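Peer 1: mind looking at a prediction? Sequence and model below.
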Amino acid sequence: MTQPVFFIGPRGCGKTTVGQALAREQNWDFVDTDHWLQERAQMNVAAIVEKEGWEGFRARETQALQSVAAPSTVVATGGGMVLADVNRHFMREAGRVIYLRAPVSVLAARLEAFPEEGQRPALTGKPLGEEIRDVLAEREALYSETAHYIIDAAQPLERIIADVLAVLSTPASSGLRLYS
Ligand code: ADP
Ligand code: MG
């Protein structure tokens, strides 16, 4: 692999977990855009949003994306990365984009079990399951259209990694979808 690989999808779909495991296994670099921008800002996401609004956070997110994209690098993105047209375009042009797709029930169960992993200000103030459903309904089309490939993220980690390696061995134009 020389082009970067970008993982996209909602909170809890496994972008960080899968990205890290893949990078370790393949000896590639790994960067998490949320982590990168928080280090750089010396503030967590909640503090950035409080100080600069979501607009300020989104601007930092775009800067992070463009800064970390490098050859042989696995990039885990934030759940809202696909909202900006400039980010969607950048990822498709600069590398290969994989959507880790999972049903609402799986996402909700993971975030409930490990709330600290997905720590973010609530987007809507609704109960978790409802918020996930609403956010996904709003973003599903963006995740799908931005992705070169779609993988079933409800599988065990090893299966997901195997699917990732399988899709990456096909051209981006194959549009492989290992998801029913
Ligand atoms: P994201 O970075 O997309 O928000 P994470 O990688 O932080 O998601 O994963 C969210 C939670 O779900 C973590 O607690 C992680 O351990 C768990 N998780 C991720 N992928 C899987 C998987 N394939 N099977 C079971 N649990 C998973
Ligand atoms: Mg993450």
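Peer 2: Done, it's in. Numbering: from 1, shown residues only. Ligands and ions are numbered 1, 2, ... in the order given.

Peer 1: near ligand 1, which residues of the chain are found?
Peer 2: 9, 11-17, 76, 110, 114, 117-118, 156-157, 160 (CB under 6 Å from any ligand atom). In short, each C-beta sits where N, CA and C put it, glycine included.

Peer 1: let's see that with 5 Å instead.
Peer 2: 11-17, 110, 114, 117, 157 (CB under 5 Å from any ligand atom).

Peer 1: please name every helix or strand in contact with the longest helix along the chain.
Peer 2: Across the chain, the helix with the greatest residue count (assigned by DSSP state H) is helix 45-68. In terms of contacts (3 or more CB pairs under 8 Å, 6 or more residues apart in numbering; DSSP states H and E), helix 45-68 is packed against helix 33-41, helix 85-94.

Peer 1: just put the ones you listed in JSON lines and tack on mean neighbour count, distance to ligand 2 and mean pLDDT.
Peer 2: Formatted as JSON lines, the helices and strands packed on helix 45-68 follow (neighbours: other CB atoms under 10 Å; distance: least, CB to the ion, whole Å; pLDDT from 0 to 100):
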{"stretch": "helix 33-41", "mean neighbour count": "18", "distance to ligand 2": "6", "mean pLDDT": "97"}
{"stretch": "helix 85-94", "mean neighbour count": "16", "distance to ligand 2": "16", "mean pLDDT": "98"}
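
Peer 1: just put those helices in TSV and tack on distance to R58.
Peer 2: Compiled in TSV, the helices and strands packed on helix 45-68 are given as follows (distance: least, CB to CB, whole Å):
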stretch	distance to R58
helix 33-41	10
helix 85-94	9
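
Peer 1: so what's the residue of the chain positioned farthest from its centre up against?
Peer 2: Most distant from the centre of the chain: K51, at 23.9 Å, with distances by CA atoms, centre = their mean. By CB atoms under 8 Å, 6 or more residues apart in numbering, the residues touching K51 are M43.

Peer 1: for I98, helix, strand, or coil?
Peer 2: Using DSSP: H, G, I helix; E, B strand; the rest coil, the structure places I98 in strand.

Peer 1: partners of it in the sheet?
Peer 2: On the basis of DSSP bridges, I98 is bridged to F7, Y149.
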